[in-house]
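Peer 1: fold the following for me, if possible:
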Amino acid sequence: MSEYRAAVRHQTLRTGIVEFDNGTGSTVSVPCTIRDVSGSGARLQLNSSLWVAEQFTLIFNNGLRKGCRVAWRKGRLIGSAFADGYASPDEQAAMMTADEQSRHRLGIGARVRSARETRGYTEVQLAELIGVPAGFLSLAEKGEADIPLYQLMRIADLLLVSLDRLVAGPTPSDVSGEVDAA
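Peer 2: Got it, this is the predicted structure:
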């Protein structure tokens, strides 16, 4: 399974607009329900069975516009991937509520902890290798602190896992209840 398809998604059930060029130079706007989002894409349900172009712009109800491409289709459900890869922290803040962001941060922390333990590092050892205090890493693994992207990239390299897996991979089973409850 693609790591994008395994991304931790946060249910939103918000309205949005799918906007695309219909091939004749006209822009078509189709209402949709944004069922869930992650840092790498969104799952949409069209409010009609209208065809949607492979490349489109997803417009959130707060005005945020995000370029997307169709990753998969199943009836009126569309899996979309953000055209520029991951959403920035500001974009994610506009796409997700504070509670959804907290669950996402907790998932990242759990995946970092799992990868660290799999490779046999202690919190102190990994913290020293990435140049942060051990207390910061402890908070980040508990979902109480954001890990900057450059540090996540370094962690992924050190622990021999992909950045995608740390940010959007499956959450370790021993903490899935904590992530869902958060």
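Peer 1: and the top helix by length along the chain, what does it pack against?
Peer 2: Identified as the longest helix of the chain according to DSSP state H is helix 98-119. On a contact count with 3 or more Cβ pairs under 8 Å, 6 or more residues apart in numbering; DSSP states H and E, helix 98-119 meets strand 10-21, helix 89-95, helix 134-141, helix 149-159, helix 163-168, helix 176-181. To be clear about C-beta, it is placed using only N, CA and C from the backbone, and glycine gets the same treatment.
Peer 1: how is the residue located most distally from the centre of the chain assigned, secondary-structure-wise?
Peer 2: Most distant from the centre of the chain: residue 24, at 33.4 Å, with distances by Cα atoms, centre = their mean. Following DSSP: H, G, I helix; E, B strand; the rest coil, we place residue 24 in the coil state.
Peer 1: domain ranges for this protein?
Peer 2: 10-89, 97-181 (automatic domain parsing).
Peer 1: now do the last one: distance to the chain's middle.
Peer 2: The offset between the C-alpha centroid of domain 97-181 and the centroid of the whole chain comes to 14 Å, using Cα atoms, centre = their mean, to the nearest Å.
Peer 1: do the same with the shortest one
Peer 2: Domain 10-89 has its average C-alpha position 15 Å from the chain's average C-alpha position, going by Cα atoms, centre = their mean.
Peer 1: report the rounded mean pLDDT for it.
Peer 2: The average pLDDT within domain 10-89 is 83.
Peer 1: over to the last one?
Peer 2: Domain 97-181 carries an average pLDDT of 84.
Peer 1: just to revisit the earlier point, what's the angle between the longest helix of the chain and helix 149-159?
Peer 2: 30 degrees (axes from the mean of the first three to the mean of the last three Cα atoms, to 10 degrees).
Peer 1: which secondary structure elements does the helix or strand that comes right after helix 98-119 sit against?
Peer 2: Moving toward the C-terminus from helix 98-119, the next helix or strand (DSSP states H and E) is helix 123-130. Counting contacts by 3+ Cβ pairs under 8 Å, 6+ apart, helix 123-130 packs against helix 134-141, helix 149-159.
Peer 1: among those helices, which comes closest to residue 66?
Peer 2: Closest to residue 66 of the helices and strands packed on helix 123-130, according to Cβ to Cβ: helix 149-159, at 17.8 Å.
Peer 1: list the buried residues in the closest one.
Peer 2: 151-152, 154-156, 158-159 (16 or more other Cβ atoms under 10 Å).
Peer 1: thanks a lot, catch you later.
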